[in-house]
Structure formats: C-alpha cells, structure tokens
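K.L.:
model the structure of this input:
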Amino acid sequence: MASTSNANQSGVLLKDLMLRADLACVVTLDYLLSKISPGIIETYWYPIVSAEKSAILPGQTYNAEIFLSEYSKYNRNTTIKVNGKPYPIKDGLVHFSQRYTKPGEKKYKVEIEIKNPVTKR
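P.N.:
Model prediction:
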C-alpha cells in the first residue's frame with residue numbers, strides 16, 4: 001500500500017503502524033504482568049503534579065509537569081518515612097501534612113524502603 005500511496009497517505013499509514021506497535025507493546029506487557037503476579041499486586045493510577053516552585057509571587061509564572069503515575073496498594077514490606085519518621089500507608093499512599101508558622105522555602109526528605117520478602121534486604 002505504501003508504494004502506491006502519496007506522501008500524506010504514507011504518513012498516515014506510518015502513524016497507524018506506529019500506534020499498532022505501541023498497542024502491541026502495552027498488551028504484551030500487561031499480559032506478562034498478569035503472568036508474573038496474577039492478582040497479587042493490583043496497580044492503580046494517580047495524577048501527579050511536580051511544580052518547579054510550590055509557591056510563587058504575584059506576576060511570576062507557575063511551571064509544573066503533570067503526568068499519570070502507576071502505584072500499588074500493596075504495602076507489605078514497605079516503609080515510607082518523611083524526615084526520618086515513618087508514616088502509615090493507607091491504600092498505597094502516605095498522606096503528609098505539616099503546619100508552618102513562618103514564610104519561606106521548606107524542604108523535607110522522603111525515603112521509601114521496600115524489603116525483599118525472601119532475602120529481607
């Protein structure tokens with residue numbers, strides 16, 4: 001078909017082929033995941049916003065990257081700490097909040113530890 005089509009038709013055919021290849025990849029990976037952990041680890045999706053700055057002054061531009069992230073509610077052998085303090089995991093997520101009394105930049109350190117259930121490392 002591509003040899004007898006014009007440039008526009010060839011572009012559409014190529015795009016169609018690329019989308020079919022992407023779909024085949026997703027279906028294959030989904031199939032392999034189901035065979036590796038059938039029903040044991042169910043994954044979920046959550047929108048994530050990663051802002052360049054969490055607060056801006058009037059007149060400044062807010063810049064952020066927004067993407068969809070996959071996560072698991074499976075939390076056995078998992079510890080999540082914020083500033084060294086472990087937090088409870090509910091439905092695969094830790095809900096962190098902190099009240100600040102002074103303005104300015106604030107930072108916190110997050111550690112996620114997942115222990116191998118077989119080796120305990």
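K.L.:
which stretches in this structure count as strands?
P.N.:
43-51, 64-72, 78-82, 85-87, 110-114 (DSSP state E).
K.L.:
can I get these in a markdown table including mean pLDDT?
P.N.:
Converted to a markdown table, the strands of the chain look like this (pLDDT from 0 to 100):
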| stretch | mean pLDDT |
| --- | --- |
| strand 43-51 | 85 |
| strand 64-72 | 86 |
| strand 78-82 | 91 |
| strand 85-87 | 94 |
| strand 110-114 | 89 |
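K.L.:
right, and those - which one's nearest Cys25?
P.N.:
Of all the strands of the chain, strand 64-72 sits nearest to Cys25, with 15.4 Å by C-beta to C-beta. C-beta here means a position set from N, CA and C on the backbone, and glycine is covered the same way.
K.L.:
what comes up buried for that closest one?
P.N.:
Buried positions in strand 64-72, judged by neighbour count with 16 or more other C-beta atoms under 10 Å: none.
K.L.:
which neighbouring elements make contact with it?
P.N.:
strand 43-51 (3 or more C-beta pairs under 8 Å, 6 or more residues apart in numbering; DSSP states H and E).
K.L.:
show residues contacting the strand it packs on.
P.N.:
By C-beta atoms under 8 Å, 6 or more residues apart in numbering, the list of residues contacting strand 43-51 from outside reads 62-73, 92-93.
K.L.:
having no further points to raise, I will conclude here.
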